[in-house]
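Trainee: Quick one: sequence plus predicted model below, questions after.
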There are 2 protein chains.
Amino acid sequence: MSALFEELVALDKLIHEPARLAIMTALSACQSADFLFLQRLTGLTKGNLSSHLAKLEDAELITIEKKFIGKKPNTLVSLSPAGREAIARHWQQLESLRHNASQWRPPEA
Amino acid sequence: MSALFEELVALDKLIHEPARLAIMTALSACQSADFLFLQRLTGLTKGNLSSHLAKLEDAELITIEKKFIGKKPNTLVSLSPAGREAIARHWQQLESLRHNASQWRPPEA
DNA sequence: AATAACCGGTTTGTGATGCAAACCTATTTC
DNA sequence: GAAATAGGTTTGCATCACAAACCGGTTATT
């Protein structure tokens, strides 16, 4: 019944935020991606991408490896197992909530 | 190509916020609902529900009518035409983004 | 060999936001 | 007539997203 909407309200905001939802969704389609690739993909500025990644890393949803390719620094981002599960689950929640809500009827006044 | 993810990043945050997504989604299934009904449905406190409604009203996505039922004040909330369109559109966006992203493949490095 | 421009980011500053708690006015209950 | 309840609004604070400044190194430019 109304558990539907309470569940909606309680969606994990760390993942729900649009930029991070985009990052996580993109990562879920590949094993890893580098910083610049993600930046171009999402259209975020470096600064914002950097801080979103930091939050996802703090939450242990992604792992970040920094190394040098030749003389250039390179940051490689990948989903952790927990992250892969979390993003899949988030989309499932949204999908089922949307579906269930579409056939929900308010209890007659 | 990457437009997918840029579109995700650009989701309307006014509607995307979980509590408001729940409010709008619930409203989309009925013509109108009163304050307490929405409060029980979403589990929000009065204060937070009130300020979320104020934001939605400012954006002209909902209309709020206050009247008295007998001696008690009563606040009736309904979607505006724009609001009805906006919430439908938001779910469509999410749905199609999720679907498209699931078959997206990163361009080979 | 300076210097300017670029690459790949991180840190900082700030305005907006979500939430909880306090408050308010009127009514009902004890 | 005091206390609880209904139906909200306002206030205060802590967090957050975004832009802009910064930074260490590298590659042109002169």
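Mentor: Sure thing, it's come through. Numbering: from 1, shown residues only, chains lettered A, B, ... in the order given.
Trainee: helices and strands around the biggest helix by length in chain A, which ones?
Mentor: Identified as the longest helix of chain A according to DSSP state H is helix A:81-102. Counting contacts by 3 or more Cβ pairs under 8 Å, 6 or more residues apart in numbering or on different chains; DSSP states H and E, helix A:81-102 is packed against helix A:3-9, helix A:13-16, helix A:18-27, helix B:18-27, helix B:81-102. From N, CA and C alone the C-beta is placed, and that goes for glycine too.
Trainee: Run the chain-centre distance for it.
Mentor: Distance of helix A:81-102 from the chain centroid (Cα atoms, centre = their mean, to the nearest Å) equals 11 Å.
Trainee: Outside of it itself, list whatever touches it.
Mentor: Contact with helix A:81-102 is made by A:4-5, A:7-8, A:11-12, A:15-16, A:21, A:24-25, A:27-28, A:56, A:60-62, A:79, B:25-26, B:28-29, B:91, B:94-95, B:98, as judged by Cβ atoms under 8 Å, 6 or more residues apart in numbering or on different chains.
Trainee: before we move on, what about stretch A:22-31?
Mentor: A:15, A:33, A:38, A:41-42, A:49, A:52-53, A:56, A:61-62, A:77-79, A:83-84, A:86-88, A:90-91, B:5-6, B:8-9, B:97-98, B:101-102, B:104-106.
Trainee: pLDDT of that stretch, averaged?
Mentor: Per-residue pLDDT over stretch A:22-31 has a mean of 93.
Trainee: And stretch A:70-88, by the same measure?
Mentor: Per-residue scores along stretch A:70-88 average to 92.
Trainee: Start and end of that stretch, how far apart?
Mentor: End-to-end distance for stretch A:70-88: 35 Å, by Cα to Cα, to the nearest Å.
Trainee: wait, does it contact DNA strand D?
Mentor: Yes - against DNA strand D, stretch A:70-88 shows contacts by Cβ under 7 Å from any atom of the strand at A:70-72.
Trainee: which ones among these are found in helices?
Mentor: Going by DSSP H, the helices hold none of the residues of stretch A:70-88 next to DNA strand D.
Trainee: which one of those residues has the most neighbours?
Mentor: Among the residues of stretch A:70-88 next to DNA strand D, residue A:72 has the most neighbours (other Cβ atoms under 10 Å in any protein chain shown), with 7 neighbours.
Trainee: For DNA strand C, see how far away that residue is.
Mentor: Residue A:72 sits 5 Å away from DNA strand C, going by Cβ to the nearest atom of the strand, to the nearest Å.
Trainee: Report the beta-bridge partners for that residue.
Mentor: On DSSP bridges, the residues paired with residue A:72 through beta bridges are residue A:69.
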